[in-house]
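Structure for the following, please:
(2 chains)
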Number of protein chains: 2
Amino acid sequence: MVAPLKVGIAGLGTVGAEVVRLIEHQSRLMAERCGRPVRVAAVTARSKAKKRDLDLRGIAWARNPLELAENPEIDCLVELIGGSGEPALSAIEAALKSGKSVVTANKALIARHGLRLAKAAETHGAALNFEAAVGAAIPIVKTLREGLAATGINRVYGILNGTCNYILTRMEQEGLSFAECLKDAQRLGYAEADPSFDVDGHDTAQKLAILASLAFGTKVAQSAVYVEGISSIAPEDLRAAAELGYRVKLLGVAVRTAKGIEQRVHPTMVPKSSSIAQVMGVTNAATIDGEGIPPITLVGPGAGGAATASAVLADIADVARGIRTQPFGRPVDRLRATEKAPMERHEGGYYIRLMARDLPGTAAAIATRLAEQKISIESIVQRHMNGVDAARTAGKASPVPVILITYATHEDAVHRALQAVQRDKVITGRPQVIRIEKN
Amino acid sequence: MVAPLKVGIAGLGTVGAEVVRLIEHQSRLMAERCGRPVRVAAVTARSKAKKRDLDLRGIAWARNPLELAENPEIDCLVELIGGSGEPALSAIEAALKSGKSVVTANKALIARHGLRLAKAAETHGAALNFEAAVGAAIPIVKTLREGLAATGINRVYGILNGTCNYILTRMEQEGLSFAECLKDAQRLGYAEADPSFDVDGHDTAQKLAILASLAFGTKVAQSAVYVEGISSIAPEDLRAAAELGYRVKLLGVAVRTAKGIEQRVHPTMVPKSSSIAQVMGVTNAATIDGEGIPPITLVGPGAGGAATASAVLADIADVARGIRTQPFGRPVDRLRATEKAPMERHEGGYYIRLMARDLPGTAAAIATRLAEQKISIESIVQRHMNGVDAARTAGKASPVPVILITYATHEDAVHRALQAVQRDKVITGRPQVIRIEKN
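Presented below is the predicted three-dimensional model:
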């Protein structure tokens, strides 16, 4: 009989409690799959007294995460406390320094201190597994780290935040505003009371930084990610997108360009026919473009107790089997620094929505300013009217929405053209600009 | 410097040549990812003289696969010969018996001799990796074996044959017949001169048997799979499916039922909103329903030299890293035998297309026969007409198509009802019956 893997679990929230339950429930399956039993030897949480639907008999209680990490009776620390700093950080470091492997679902911590922790894991021959940190049960970390181990990656992009995708889906399907859908998401528990971490794109940015590191060998750094949230998206944009054959998604995109690795999070128009465009509601997805092969897309639950626990258990199973893959798939010293993507040099197609004034020559003025910047128009939609000039002829006073899709151009060219259009006073309000990502 | 992993490659067809090329091209990436270099030490193929766009200088040539497998200069045999028997079988066995790990893309061999080979791998502490055998670059084997290692699986199903999906996509999008689309597929190189292995479902069945073993711990056995191909599908079926909110796909389905593991391959109606329904053309996909978690779907290229080579290289990388996961995810002795699914006991919804005779009482007769078998109708479409009886009133002579979608029932009930309908002589020709798979 091989010795069991003794696991210590820090954090008994929704995920932690589910992990304790599943290790018991799946004990036979895990023993078969790992060649040795896995058992929970010790746990810790903020309150020992709190009522939990958990049978903790025979399991030691550590007074704090650090004590748990240093307990010689455990082989593997499972960190499910969350937060980008203490007490998770010190506990994980202590565990790694004593050669114990670590499994964590903590994206914030990995995005912030991943390098330092990976170095400690490398030095002490321990595993640092974090499948659950990105896309929960979707095996995106393993796919980049192992499944495509020897395939050059050109781009990885995905819907990495269920809250934003839920809001955009509701907005599109029901024509509701961002604010209305956010309120619903909060009521249903899909969004926090302070939703900014999700809707402003920071959650996606943390996950993207981790994926970029795995895909491209960059040093994981949230600061290298350009971030824009979804609060500026209007139902009109989603309607226009649909008419033009697109959907709007909050994407995290990491892409190899001639100027280096570009990491960015922003609302994005994706072709309706793409796999990523089909992903609705709280579901997450990631697409990987490997060198010379068609895209691979992984779709599934990106959050939730059971889905997160599923990934945590898989990581524990790898530890039990003795697998010690490098945390970011390469030696830490080989990871390269990247700078934040200079978005003014971003190259791609753009969706532009303008409110054109009811004046003679408006359409010509807009077209001229775009042409001056060498921006070619792929398509143009003028809503409710046959044309801007028609609106004037009809004697209407209210501005007319004009929607443009450009061919690939540079972002600074778009900005210069729109500044000129604004100076011409042929539009009212601020233009809406959404980047297009082709598949 | 850690010693390199020395690889021997048997078979230099499209995939084999690409593997040789990629190991050279990605040598730096592989060394970084694996902690040691990987190099091709020896190769073999049917003809040494054949012109290949490959630089084989410095690589030994073995006279045959067995000699390659027994070459003490190689650590890992990569079998890319294909075929369910010799010479691949003996070469793999010889390699495993001498403790060498094996990587193969050979689904036919794994479906037929997988158990015996896995046992040899287990006995000799070698790896037997076959990610490329199912879904090429889609990491479905790794996901079932490792990514969901501790998650109970309820169902795994997928589009595992690009030829069939290409044909069904063309038929649906262009209203063409099966025969026309097959001819096109052959012209484009998506289908073989003898297409029966693909279009009759046998290729899918081999892959499904492998996935079922990984998911449910069944003994891999193609003979346990019920198989039906796509040649009976008519453009009318695809049109009717679309109207009713479905698409027709050739699915391989392995599902846990009260009566055991059901493995089946057949044309299937899937809800248009499901991830699997979005998969068009030669693309493959697999969906996994884990206990208590929403479905996970993996989409990507299921064939092609580069996509297959990508998976082969990932498997080699795992060998280089020293990973020795059990081939079917569990000890071979724990795998359980399964019988072929008794389809007459299959439970599910059904699509039924009948050509109803232009006679009074036809609709009533059909409805009565279904009701006698306690089959409830979810929806009914009578094409071109407002109703069967209306057709009679209008004095038309030609039969009227009637399309029914049933609620979940047993397959034998459907057969009994349709036999009764045929005895009633209210329909012409054979009824078309397609099983529905809900997501």
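
Could you point out which residue ranges in chain A have low pLDDT?
For chain A, the stretches flagged by pLDDT under 70 are A:1, A:383-397.

how does it divide into domains?
The record's domain parsing of chain A by automatic domain parsing lists A:5-137+A:307-334, A:145-300, A:345-436.

so can I have TSV of those domains showing distance to residue B:59 and mean neighbour count?
(Glycine included, C-beta is placed from N, CA and C.) Listed next are the domains of chain A as TSV, based on distance: least, C-beta to C-beta, whole Å; neighbours: other C-beta atoms under 10 Å in any protein chain shown:
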stretch	distance to residue B:59	mean neighbour count
domain A:5-137+A:307-334	27	21
domain A:145-300	18	22
domain A:345-436	41	17
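
Please name whichever of those is nearest to residue B:259.
Minimum separation from residue B:259 across the domains of chain A (C-beta to C-beta) falls at domain A:5-137+A:307-334, 20.9 Å.

hang on, the earlier thing: wait, which of the domains of chain A is closest to residue B:274?
That would be domain A:145-300 among the domains of chain A, by C-beta to C-beta, at 9.3 Å.

can you tell me if that closest one touches chain B.
Yes. Using C-beta under 8 Å from any C-beta of the partner chain, we find that domain A:145-300 touches chain B at A:146-152, A:217, A:275, A:278, A:283, A:290-300.

hmm, back to that, how about the domains of chain A, which one is nearest residue B:239?
Using C-beta to C-beta, these put domain A:145-300 closest to residue B:239, at 20.3 Å.

Straight-line length of that closest one, end to end?
Start-to-end span of domain A:145-300 (C-alpha to C-alpha, to the nearest Å) is 19 Å.

Now find how far off-centre stretch A:204-212 is within its chain.
6 Å (C-alpha atoms, centre = their mean, to the nearest Å).

contacts for that stretch?
With contact meaning C-beta atoms under 8 Å, 6 or more residues apart in numbering or on different chains, stretch A:204-212 is reached by A:107-108, A:110-111, A:114, A:130, A:133-135, A:140-141, A:144, A:156, A:158, A:160-161, A:164, A:218, A:220-222, A:224-225, A:227, A:250-254, A:261, A:263, A:265, A:286, A:338.

again with stretch A:29-43
For stretch A:29-43, contacts defined as C-beta under 8 Å, 6+ apart pick out A:2-10, A:12, A:16, A:20, A:23-24, A:27, A:56, A:59-62, A:68, A:71, A:73-74, A:313, A:316-317, A:320-321, B:149-150, B:152, B:217, B:326, B:329-331, B:334.

Which ones among these map onto strands?
Members of the contacts of stretch A:29-43 lying in strands (criterion: DSSP state E): A:5, A:6, A:7, A:8, A:9, A:10, A:60, A:61.

Next one: the third one from residue B:148, what distance?
With distances defined as C-beta to C-beta, to the nearest Å, the gap from residue A:7 to residue B:148 amounts to 18 Å.

pretty sure residue A:271 contacts residue A:245?
Yes. If you go by C-beta atoms under 8 Å, residue A:271 and residue A:245 touch, sitting 6.3 Å apart.

list the residues that contact both of those two?
Common contacts of residue A:271 and residue A:245, defined by C-beta under 8 Å, 6+ apart, are absent altogether.

for the stretch 151-300 of chain A, what spans make up the helices?
Using DSSP state H, counting those that start in this stretch, the helices assigned to the stretch 151-300 of chain A run over residues A:162-174, A:178-187, A:196-199, A:202-216, A:235-243.

Let's have these in a markdown table, adding distance to residue B:205.
Conversion of the helices of the stretch 151-300 of chain A to a markdown table gives the following (distance: least, C-beta to C-beta, whole Å):
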| stretch | distance to residue B:205 |
| --- | --- |
| helix A:162-174 | 36 |
| helix A:178-187 | 44 |
| helix A:196-199 | 44 |
| helix A:202-216 | 35 |
| helix A:235-243 | 40 |
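
Compare those helices and give me the one nearest residue B:95.
Nearest of the helices of the stretch 151-300 of chain A (C-beta to C-beta): helix A:202-216, 31.3 Å.

hey, C-alpha coordinates of that closest one in PDB?
Presented in PDB, the C-alpha positions along helix A:202-216 are these (Å, rounded to 0.1, in the frame of the first residue of the first chain):
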ATOM      1  CA  HIS A 202      -9.600  43.600 -13.600                       C
ATOM      2  CA  ASP A 203     -10.600  40.100 -12.800                       C
ATOM      3  CA  THR A 204     -10.200  39.200 -16.500                       C
ATOM      4  CA  ALA A 205      -6.800  41.000 -16.500                       C
ATOM      5  CA  GLN A 206      -5.500  38.800 -13.700                       C
ATOM      6  CA  LYS A 207      -6.500  35.700 -15.400                       C
ATOM      7  CA  LEU A 208      -5.100  36.900 -18.800                       C
ATOM      8  CA  ALA A 209      -1.700  37.700 -17.200                       C
ATOM      9  CA  ILE A 210      -1.600  34.000 -16.100                       C
ATOM     10  CA  LEU A 211      -2.600  32.600 -19.500                       C
ATOM     11  CA  ALA A 212      -0.100  34.900 -21.300                       C
ATOM     12  CA  SER A 213       2.700  33.600 -19.100                       C
ATOM     13  CA  LEU A 214       1.800  30.000 -19.800                       C
ATOM     14  CA  ALA A 215       1.300  30.700 -23.500                       C
ATOM     15  CA  PHE A 216       4.200  33.000 -24.300                       C
END
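
Just give the closest residue to residue A:175, not the sequence neighbours.
The shortest distance from residue A:175 to any non-neighbouring residue, by C-beta to C-beta, 6 or more residues apart in numbering or on different chains, is to residue A:235 (5.0 Å).

Name all residues that make contact with that neighbour.
Shown in contact with residue A:235 (C-beta under 8 Å, 6+ apart): A:171, A:172, A:175, A:176, A:177.

hmm, stretch A:73-87 touching chain B?
No. Figure legend: stretch A:73-87 not in contact with chain B (C-beta under 8 Å from any C-beta); closest approach 12.5 Å.

Residue A:280 touches residue A:169, doesn't it?
Yes. Residue A:280 lies in contact with residue A:169 (C-beta under 8 Å); the separation is 4.7 Å.

got the residues of the stretch 1-150 of chain A near chain B?
For the stretch 1-150 of chain A, the residues in contact with chain B (C-beta under 8 Å from any C-beta) are A:22-23, A:26, A:29-30, A:32-35, A:131, A:137-139, A:142-143, A:146-150.

how about a cut-off of 6 Å?
Counting by C-beta under 6 Å from any C-beta of the partner chain, the residues of the stretch 1-150 of chain A close to chain B are A:26, A:30, A:32, A:33, A:137, A:139, A:142, A:143, A:147, A:149, A:150.
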